[in-house]
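> Give me a 3D structure for the following:
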Amino acid sequence: MQRTTFFKFFAASDQAPSAPLPAQMLGVEVPELKLYVHRDADWVLEKKGSDWVFLTGIAYHLESTLDLNGLAQQLLQSQAPLDEIDLWSGWFSVVHCRQGKVHVYNDAAAGHKVYFRLLSGGGKWCGSDPKLSAHWSPLTAHLDEDMRGLHASKWMANRGTMVGDMTPFHGVRQVVANHRLDWAVLRPERTFPREPRRPMTSAAAVDYVVPRLENVLAQAVKHRQVNMALTAGWDSRITLALSRKVKSKIRYYTIQHQGVDLEFPDLALPRAMSKEGFVHQILTDSVEEGHPDWRVVRDSLSMANYKRFHSFFCMFPEYQPDQMTIVGTVSEVAKNYLEHIPIRTGLHAVRAAHLVEHPAILDYFDGWMKDSAPRVKASGYRVLDLLHWEQDITNFAGSGAQNTNFVVHQFAPFSSGKILETLLATPTNERDKYIPKMYEQLILAAWPELMNHPVNPFFKEDAIRMMKRTGLYNPYKFLGNRLVSQPFRG
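Okay, the predicted model is just below:
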């Protein structure tokens, strides 16, 4: 199967394109909308009376065994669409018409991207990347000088991912995690938190999470050859543990990058853990500087960084639809990733998220702190957790999922609203980034022998753990947030 422009993308509008779409984009017959999807995408359309569901991507139900048609049919029957989609794990987008109202959803990591814009003629558009919308209406740079300068900067080019809901184009925004798009007003609306946080013990959370994600992995291995990346860290260790019951059907691997010794922990620990009963391979990264399909990626994505594709291109130089790779990202939503610094302003948020203090970025996070933070806090959730979820997961883990799906089917099992809600219900002090007691409980429940091996035995990690145990780390991070500037340098 050949990778082509807008590979696996979709788009919807209330107007027909003004310029011809690539031949690979297929029209999907739905009332009132012009809906298109790439011919090689996985997608279904289900209808019930005047209601309909378009679902594209990869999705598995936490509690049932359903294919895409089954998921779409179940969503059609549901009286609570948000609750139903929260029970899905995967990389997907949904356009759902219910009682004449259309909403657009995507997975919990906002990995199957949804962007939206008001077209120059007054029409509406949404889809997988702003570049695709240029077939409806020309794209222009921002009118605002600060926004234009930010997106033209070396800092943004080196970063290779977006910030917040901003894009490089005037009038185009992204639907970030925990939001859906209300088509009637072409505006995103918050979908989480919807209810007050219900505290849960780590043991109860583990009892909920383990069997459901084991069910997800059991479905994943049914129809595709599954590959799983391993390192010395927590995220891949947790995903490895959840795969125990289907380990014979998974190819476990670690990439050895140029100049990295085999005794480096990210290579040595997966090899050592393989003695617990799975086959593990070391795959050598190529030194090549490019790949023929990289041109297709650049033509399709408004922002991309070759470093994020390189290893996958080495493993899958040609697209193989029977292959899938599973990663442990997104689980970090519940690891206090931004630590325990109290943040009260947009500047505090920008520094906590390790971003530069550019006026456009400060304006965005001032707005987030004004509009989102009070609702998050009132619901009993930590503002830092939701800040990380809606910024870093959307724009790093989520963008990585979109990028990788150009090369090979990929999804993160933890990309499920219900799973992340459950993890965030546990005590904050048991899910520390460097000493995550709850994550250790999860591994011990699923595959206890894996904890016979150290996690992240690096000097920096050991030093931080020591500072945390002595009570020095939190004051150090607080002073850094308040006193250390991160200026924008262009």
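
> What segments of the stretch 301-450 of the chain are strands?
Secondary structure of the stretch 301-450 of the chain (DSSP state E, counting those that start in this stretch): strands at 323-326, 409-411.

> what's the first one packed up against?
By that I understand strand 323-326. In terms of contacts (3 or more C-beta pairs under 8 Å, 6 or more residues apart in numbering; DSSP states H and E), strand 323-326 is packed against helix 202-223, strand 225-229, strand 409-411. Just so you know, the C-beta spots here come from the backbone N, C-alpha and C atoms, and that holds for glycine as well.

> Out of the ones you listed, which is the most enclosed?
Per residue and on average, the most neighbours among the helices and strands packed on strand 323-326 fall to strand 409-411, with a mean of 26 (mean count of other C-beta atoms under 10 Å).

> Rounded mean pLDDT for that strand, please.
For strand 409-411, the mean pLDDT works out to 95.

> Can you identify each of the helices in the stretch 101-250 of the chain by residue range?
130-133, 145-151, 154-159, 202-223, 234-242 (DSSP state H, counting those that start in this stretch).

> Using a markdown table, lay out the ones you listed together with mean pLDDT and distance to Val455.
Shown next, in a markdown table, are the helices of the stretch 101-250 of the chain (pLDDT from 0 to 100; distance: least, C-beta to C-beta, whole Å):
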| stretch | mean pLDDT | distance to Val455 |
| --- | --- | --- |
| helix 130-133 | 98 | 39 |
| helix 145-151 | 95 | 37 |
| helix 154-159 | 93 | 28 |
| helix 202-223 | 97 | 17 |
| helix 234-242 | 97 | 6 |
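
> Find the residue at the geometric middle of this protein.
Central residue of the chain (C-alpha atoms, centre = their mean): Gly398, 2.6 Å from the mean position.

> Show me the shaky parts of the stretch 251-400 of the chain.
Scanning the stretch 251-400 of the chain for pLDDT under 70 picks out 287-289.

> now do 50
The stretch 251-400 of the chain contains no residues with pLDDT under 50.

> what's the closest non-adjacent residue to Arg148?
His142 (4.3 Å; C-beta to C-beta, 6 or more residues apart in numbering).

> Give me the neighbour count for the one you found.
Applying other C-beta atoms under 10 Å, we find 20 other residues in the vicinity of His142.

> what residues are up against the residue nearest to the centre of the chain?
Applying C-beta atoms under 8 Å, 6 or more residues apart in numbering to Gly398 gives the contacts 109-111, 113, 177.

> change it to 10 Å
Gly398 sits next to 91, 106-113, 161-162, 174, 176-177, 329-330, 389, 392, 412, 415 when contact means C-beta atoms under 10 Å, 6 or more residues apart in numbering.

> and what of Thr201?
Under the criterion of C-beta under 10 Å, 6+ apart, the contact list for Thr201 reads 207, 425-427, 430, 438, 441.

> Out of those, which end up buried?
Neighbour counting by 16 or more other C-beta atoms under 10 Å classes 425-426, 430, 438, 441 among those as buried.

> Out of the helices of the stretch 101-250 of the chain, flag the one nearest Ile341.
For these, the distance to Ile341 is smallest for helix 234-242, at 20.9 Å, taking C-beta to C-beta.
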